[in-house]
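# how would this look folded up:
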Amino acid sequence: MLRQFLSGILQGQQSGEGPAPQDLRASDDDRERVVAVLRDAVADGRLTLAEHEERVERVYGARTLGELAALTTDLLPEHLQPLRADGRPVMALFRSEQRDGRWVVPSRYSVTAVGSGVTLDLREALLQSSHITVQATVVGATLTLIVPEGVRVIMPASAVLAGKKNQVPVAAAPPDAPVIEITGMIMMGNVVAKSPKPPRRGWARRRKP
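A predicted model of the protein is given here:
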């Protein structure tokens, strides 16, 4: 059974639905994220003033996320990039992986976790469609999803000696809310979906009369 289960590790590539992640339109906020990285790069000498000026000009002329992402690839390691628009699936084999910050979640997304942990933080992510299907292959590992308010999570994935915990409040999502659907199989592992914890409120001290 395990051999059959692992045979799908290299499958589950994203379908051709809609534009590719790098072809999605960039927002003003996306541009400002890239400008902030360029500002730091010229301040510490990684870019000359001329290079900085040329790249900033290209930032404000960029239409797509792919055009923006290309401007910082030589300045920061992958996990610190201000934008990730490649849409590549996650494959974590005995090592932890995390997707967070501003990244594009394709309509169909493949995640493989074997003997390790994978975290998908969607709080700042750009969902390519209102229904995202995450094809999960989890063996002896934990897949954790952190979703913002107003998103529903469903988990029809098969589980063998495994757990599925959906801690996302259903009441907080409207009927037309985006849906994250977890499919695939979990074997001897866990899938956990949760919302970020609200900030703690300090106790107000009562004044004595």
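
# The longest helix seen in the chain: which residues count as buried?
Using DSSP state H, we find that the single longest helix of the chain is helix 28-43. By neighbour count on 16 or more other CB atoms under 10 Å, the buried set for helix 28-43 is 30, 31, 33, 34, 35, 37, 38, 41, 42. C-beta coordinates here come from the backbone N, C-alpha and C atoms, glycine included.

# tell me the mean pLDDT for stretch 69-80?
The average pLDDT within stretch 69-80 is 94.

# With stretch 89-103 instead?
The pLDDT scores in stretch 89-103 average 94.

# Sort out which residues of it are buried, please.
Quick answer for stretch 89-103 (16+ other CB under 10 Å): 89, 90, 91, 92, 97, 99, 101, 102, 103.

# Same question for the closest residue to the second one other than its chain neighbours, what's its three-state structure.
Nearest residue to residue 90 in three dimensions, chain neighbours excluded: residue 111, at 4.6 Å (CB to CB, 6 or more residues apart in numbering). When states are read from DSSP: H, G, I helix; E, B strand; the rest coil, the local structure at residue 111 comes out as strand.

# Now do stretch 143-160: distance from first to last residue.
15 Å (CA to CA, to the nearest Å).

# now swap in stretch 104-120 and tell me
End-to-end distance for stretch 104-120: 11 Å, by CA to CA.

# follow-up on the earlier one: can you show me the CA trace of the helix or strand just after the longest helix of the chain as PDB?
Downstream of helix 28-43, the first helix or strand assigned by DSSP states H and E is helix 49-61. Only the C-alpha atoms of helix 49-61 are listed here, as PDB (Å, rounded to 0.1, in the frame of the first residue of the first chain):
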ATOM      1  CA  LEU A  49      22.200  54.100  -7.600                       C
ATOM      2  CA  ALA A  50      21.900  53.700 -11.300                       C
ATOM      3  CA  GLU A  51      20.800  50.000 -10.900                       C
ATOM      4  CA  HIS A  52      18.300  51.000  -8.300                       C
ATOM      5  CA  GLU A  53      16.800  53.700 -10.400                       C
ATOM      6  CA  GLU A  54      16.500  51.400 -13.400                       C
ATOM      7  CA  ARG A  55      14.800  48.700 -11.400                       C
ATOM      8  CA  VAL A  56      12.400  51.000  -9.700                       C
ATOM      9  CA  GLU A  57      11.400  52.300 -13.100                       C
ATOM     10  CA  ARG A  58      10.800  48.700 -14.200                       C
ATOM     11  CA  VAL A  59       8.700  48.100 -11.000                       C
ATOM     12  CA  TYR A  60       6.200  50.800 -11.800                       C
ATOM     13  CA  GLY A  61       6.100  49.700 -15.500                       C
END
